[in-house]
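Participant: Here is a sequence with its predicted model. Questions after.
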Amino acid sequence: MAEVVLKDVMKNYGSLYAVNNVSFAVEHGEFVALVGPSGCGKTTTLNLIAGLIPMSGGDIVIGDRVVNDLDPKDRDIAMVFQNYALYPNKSVFKNLAFPLQMRKLPKAEIEAKVMAAAKVLDISHLLERRPRELSGGQQQRVALGRALVRDPAAFLMDEPLSNLDAKLRVAMRSELKRFHHNLNATVIYVTHDQLEAVTMADKMAVMHGGVLQQYDTPANVFGNPVNTFVASFVGSPAMSLIPLDVVSKGTEVALRSPEEGWELPLSPMNARKASASSNGKLVLGARHSTLKLHKSAAAGAAPGKVYTVEPTGDVTFAQIFVNGAVVNISLDPTVAIEPDEAVWIEFDQDRMHLFDGETTMALKAA
Amino acid sequence: MAAIETAQRPVVRKPIDWWRWAGRVFLTFLMLFTVLPMAWMILTSVKSQFAAMQYPPQWWPSEPTLNNYFKLLDPTNRIGREFLRYFWNSFYVSLLTTILGVVVAVPAAYAFSRFRFPGRTFLFFSVLVRNMFPAVVFLMPLFLLMRWMGLVNTHGSLILTYLTFGLPLSIWLLKGFYDNIPIQLEQAARIDGATRFQAFILIVMPLSSPGIIATSIFSFIGAWNEYVYAYTFLSRDDQMTLPVGIQRFFTEFATDWPGLMSATFLMSVPVVVLFLVLQKYFVRALTEGAVKH
Amino acid sequence: MSIATQQAASPPATGTVQKRSGFLSRIVAHRTDYLYVLPALIVMLVVIAYPIYYTIELSFFRTPPNLQMRDKVWTGIDNYVRVLSSPVFHEVTIQTIIWTLASTVISFLLGLGAALSLHREFVGRGLMRALLLIPYVISAVAASYVWKWLYHSDFGVIGAISVQLGITAEPINFLDNRQTVLASLIVVNIWKEFSFAMVMLMAGLQTVPDQLLRAAQVDGANTWNRFWHVTFPHLKGVSMVTVLLLMVANFNSFIIPFVMTGGGPADASHIWITHIYQLAFGRQQWGVASAYAVILFIVMMFLGYFYVKALTRGDEARA
Ligand SMILES: Nc1ncnc2c1ncn2[C@@H]1O[C@H](COP(=O)(O)OP(=O)(O)O)[C@@H](O)[C@H]1O
Ligand SMILES: [Mg+2]
């Protein structure tokens, strides 16, 4: 049974629709990442689930209740805030004890639960300190602890790692994942970092401009992005997107560069997809690892010009201009290319993506 | 390894910083300008009436005496009784004004800081604009209003007036403090099981105590020093506050300047002590809002 | 689970849920918010809004000296004509302008100098700031008595010093002289308020980034250039607020002239406020005084516009 369900959830500030008709369901024990660029409505969505701001429309279910009109305290959720929101005038112990005190638990039980949570998070030695006497990482743990002392139906986390430095972030990432596994907890996790979402989540909900773009497993979002936005947002370096024209010659279908005139024949499967495009224009998408580089013209390869070369040690990334678009490609470090060199890029017909040039939606074989 | 050699090179002397010296001279001048009048007040207050009325003046009291202070603080004579009574009146009015002011200003400031209700901007501006208008403008209608309510010659008239005129500033100051308390703290508290009200009382209030202290000092000092309304609303001797009362017992015949100076000194003691002890809060309140970081 | 997983495929819904909300319904939606401001509002309505209304009303009436307002007589704009055509009005207006501008400008400059001199850390700096601030916190009544005694025509210490130093042949009568009285009062006012400007500007100075000053120093700017090109531009906002606050306070001051001279001799130290007070409570001409007050209102509204603008700078931008 689903633990948290959003149905047609809306939130507008005047004419600005911060959350626009968002629906998704989170199963019990699932780790769902809400991901999208800054300002796309992630925090607003989370606050709506928590009941911190009133909804403009729609329904939210937590556990087995419709919680639309419930106060945050009655929704049976815990939340971790981006800036941690630790009570600055309370010690760590009192911060952790606060949610239990509010629920009027007996003193001994509060103490036992706080100690247990502190032990799990390895902050037992910090209990008497004030938040401002802690490092960023320690504050982060305390914030997490304040959520863990309870046994809520769902944990909500708003970019909990974004204020940590890069190294700590990676370490905390795996720790969080471990917690989720151990507790079998339902987690809704907001992040603007697609890598965090892909690495941690069972499912990811990609948002853009208040609208939910795609809700699926990371593998499916990565493998079958529904539109060019998702395609370019998920994955690093980003998927390369090249706008091209569709040309048909009898049974053959090819893509043609409107500026440079070269053509790229399509496999029968891709040909069927391409013919579904609305007005003969589409966008060809390809991930860096599916591309092959040739130093001379080759069949099924598009001509390009090297822009930059970035060796990172075990892989070398290169940016190449193809038909005016930037194409990211990963190369073996032994391949020697120079900026401004002419090269040819070969696309993998089985792993390329085709999007409608107008609606930006992924094309399906008719 | 080559030694780093500096000995042979000419040493350039740091030039005299004339601006720094100008600053010192200027500060000395300002300190004299500020302190000498206060010093003269204190010196005069320990002179006898006769010693004060001399020309050229006694720069240093030849026979310093604390008689003036004894007289003011001795409840067995008439002057002492009245002075202490005025002192108590001032204290009572100021304290009540301060407490009521905080009680009314806290929720209002919180609302102005947190909520975006229609008319909020208008209300807020009207609060600010109130600061602009001089007391005298309100004096005539308020006098009639107080007379109508039967509050003339009561401390109620002063407390009501001070409360109102202190409010805009109190609200403004407190709003600045609430603005600096992240809203996420309240949200966290509400998720942790607190109601809106509990979140306010348990989390926000303790955090805003510096603001409340700052605001309180301001109201207290303002009420303690107020003159115009007290002068107009009060005519009964036993009701008067210090600023109004003080002139009465030294100017009835010829002015007793040493007596007046010692009374002035005593009147200033509470606010100066309050200021010195809570200087940090006072300065913060004074500059809050005007200096955005 | 059959909830659509590919939202983007359906066109985004816009404005289907939220009805067009009118001003009234927004007020109703926020009705609990108003509870917080209600106590403050009620008090202010009684003590501020009503008096303003009543002052405007009275300004169109001739009022009886016994203050039985039932017997007041409608006279239209007579009171305004009387005020504006009175020679005393012009004299007092000029004095008000001199008082306000001189007090403001000099206090600001002294405060600026003090703030700059006190900005550098040195032993005793905190004590100095505290001492300089004392005149600001004590009552203006206290300040008035102290200075009245300093200015005393026979036994005043200032007169005595100026004779001792040979500046004047005999003690000057500061307060009982039409030529010197206003300037003498302005000195008292400055004594009392310049440290306000000092504190404000000291707070402003703390917002000047050290890095910028160092960069300027490395770039070869001398002390003056560092002040003029780096420090001063950073102080602009605070300076504006400070000057406005000083101006409003000076325009509204009452106690110093009232206690020290009562506006005399021969009206030479009256400013608007003391004059209005005298008309109302001295001569019982409440109608005329009210007309005066309304004129003052209008002038203050102009100042108020800038005041509110300066004070709320950034308030709306803050999300
Ligand atoms: N209280 C508010 N009033 C007006 N607009 C808001 C408010 N809160 C958020 N928004 C707007 O809603 C949009 C989504 O914000 P948010 O949910 O915070 O984005 P993010 O995905 O970065 O967390 C943004 O455009 C933001 O400006
Ligand atoms: Mg956010």
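Facilitator: Structure's in. What do you need? Residues are numbered from 1 along each chain as shown, chains lettered A, B, ... in the order given. Ligands and ions are numbered 1, 2, ... in the order given.
Participant: Quick one: mean pLDDT over stretch A:162-180.
Facilitator: Averaged across stretch A:162-180, the pLDDT comes to 89.
Participant: no wait, stretch C:282-302
Facilitator: 86.
Participant: Wait, a strand at C:Leu35?
Facilitator: No. Judged by DSSP: H, G, I helix; E, B strand; the rest coil, C:Leu35 forms no part of a strand; its state is helix.
Participant: can you pull the contacts of it?
Facilitator: B:Pro107 (C-beta atoms under 8 Å, 6 or more residues apart in numbering or on different chains). Where C-beta positions appear, they are placed from N, C-alpha and C, glycine not excepted.
Participant: and the stretch 1-150 of chain B, which residues reach ligand 1?
Facilitator: Contacts of the stretch 1-150 of chain B with ligand 1, taken as C-beta under 6 Å from any ligand atom, are absent.
Participant: Provide the secondary structure category for B:Glu63.
Facilitator: Per three-state DSSP, B:Glu63 ends up coil.
Participant: What is the neighbour count of it?
Facilitator: B:Glu63 has 10 neighbours, counted by other C-beta atoms under 10 Å in any protein chain shown.
Participant: phi, psi of it?
Facilitator: phi -130, psi 80 (degrees, to the nearest 10).
Participant: Phi, psi for A:Met361 please.
Facilitator: phi -80, psi 150.
Participant: so how far is ligand 1 from the closest residue to it other than its chain neighbours?
Facilitator: Computed as C-beta to C-beta, 6 or more residues apart in numbering or on different chains, the closest residue to A:Met361 that is not its neighbour in sequence is A:Asn227, at 5.0 Å. The gap separating A:Asn227 from ligand 1 is 18 Å, by C-beta to the nearest ligand atom, to the nearest Å.
Participant: so what's A:Asn227 up against?
Facilitator: A:213-214, A:355, A:359-362, C:8.
Participant: Could you pick out the longest helix of the chain?
Facilitator: No chain in the question, so chain A it is. Across chain A, the longest stretch assigned as helix under DSSP state H is helix A:166-183.
Participant: Chain C, not that one
Facilitator: helix C:87-119.
Participant: Please work out the average pLDDT along the one helix or strand B:Trp21 maps to.
Facilitator: If you go by DSSP states H and E, B:Trp21 is part of helix B:18-45. Across helix B:18-45, pLDDT averages out at 92.
Participant: got the CA positions of the helix or strand just after it in CSV?
Facilitator: Sequence order places helix B:49-52 as the next helix or strand after helix B:18-45, per DSSP H and E. The C-alpha coordinates for helix B:49-52 follow below in CSV (Å, rounded to 0.1, in the frame of the first residue of the first chain):
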residue,chain,number,x,y,z
GLN,B,49,23.5,77.6,47.5
PHE,B,50,25.9,80.3,48.6
ALA,B,51,29.0,78.7,47.1
ALA,B,52,27.2,78.2,43.8
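Participant: Helix B:49-52 close to chain C?
Facilitator: Yes. Judged by C-beta under 8 Å from any C-beta of the partner chain, helix B:49-52 comes into contact with chain C through B:Ala52.
Participant: Quick one: residues in contact with the helix or strand following that helix.
Facilitator: Sequence order places helix B:67-73 as the next helix or strand after helix B:49-52, per DSSP H and E. With C-beta under 8 Å, 6+ apart as the test, helix B:67-73 has contacts from B:45-46, B:48, B:77, B:79-80, B:83-84, B:258-259, B:261-263, B:266.
Participant: Stretch C:265-276 now?
Facilitator: B:134, B:136-137, C:88, C:91-93, C:95-96, C:99-100, C:176-178, C:181-182, C:185, C:251-254, C:257-258, C:260-263, C:278, C:289, C:292-293, C:296.
Participant: and chain A, which of these reach it?
Facilitator: Among these, chain A is touched by none when using C-beta under 8 Å from any C-beta.
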